[in-house]
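Undergrad: with the input below, show me the fold.
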Amino acid sequence: MKKSYLIPIIVLLIILIGSVIVYQAGLFTKEEANINIGTNIGDKAPDFVLNKMNGDEMALSSLKGQKVFLNFWASWCPPCQAEMPDIQKLYQEDNNVAILAVNLQEENKKVINFMFSNNYTFPVVMDKTGQVARDYLVRGIPTTYILDEDGILMNKASGALSYEQMLEMLEIK
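TA: Numbers count the residues shown, from 1 in each chain. The predicted model follows:
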């Protein structure tokens, strides 16, 4: 009779010890359990890996630890062209913000020529299939997302932004 009580107690102890080990190892925390991956303010930004203009791969998650100005654009888009000088200014003047411009479905040569002819030096990745834009629910360009240092979406906007609006979205005064 005493052995029948011993098995459930051992099972409960194993579950309890396993839970403590998982929690202590940081494999599962309450904060992480409550964060959704998505495109709403407060969501963790969907990670992606795209090629830069030179062909090297770049992951969004490689920018963790920095605020990120994530901008979806195309060279043929007049509002995108209008905000590019201000994105370049932000890139040159604020080392605490990572700029990542996601070009939508254009040929590398065209994007390289556009960037070079305008003296833009901020990082650009190529969304050849448009899948990342679909994942981010981009309906018009330019579209910008601001991520905090942990990759959480803190702001988003559609349409061209001025330098002052970029600073405001980044909560830089």
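
Undergrad: when you work out contacts or count neighbours from here on, use the C-alpha atoms and nothing else.
TA: OK.

Undergrad: show me what the helix or strand harbouring residue 164 is packed up against.
TA: Secondary structure from DSSP states H and E places residue 164 in helix 163-169. If contacts are counted by 3 or more Cα pairs under 8 Å, 6 or more residues apart in numbering; DSSP states H and E, helix 163-169 sits against helix 78-93.

Undergrad: quick check: buried residues in the helix it packs on?
TA: 79, 80, 81, 83, 84, 85, 86, 87, 88, 90, 91 (16 or more other Cα atoms under 10 Å).

Undergrad: output those residues as a markdown table; include the columns pLDDT.
TA: Shown next, in a markdown table, are those (pLDDT from 0 to 100):
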| residue | pLDDT |
| --- | --- |
| 79 | 98 |
| 80 | 98 |
| 81 | 98 |
| 83 | 98 |
| 84 | 98 |
| 85 | 98 |
| 86 | 98 |
| 87 | 98 |
| 88 | 98 |
| 90 | 97 |
| 91 | 97 |
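
Undergrad: re the thing from before, for the helix holding residue 164, buried residues please.
TA: Neighbour-count burial for helix 163-169 [16+ other Cα under 10 Å]: 163, 166, 169.

Undergrad: can you list the weak-confidence ranges in this protein?
TA: Low-confidence segments of the chain (pLDDT under 70): 1-4, 8, 11-13, 16, 18-33, 173.
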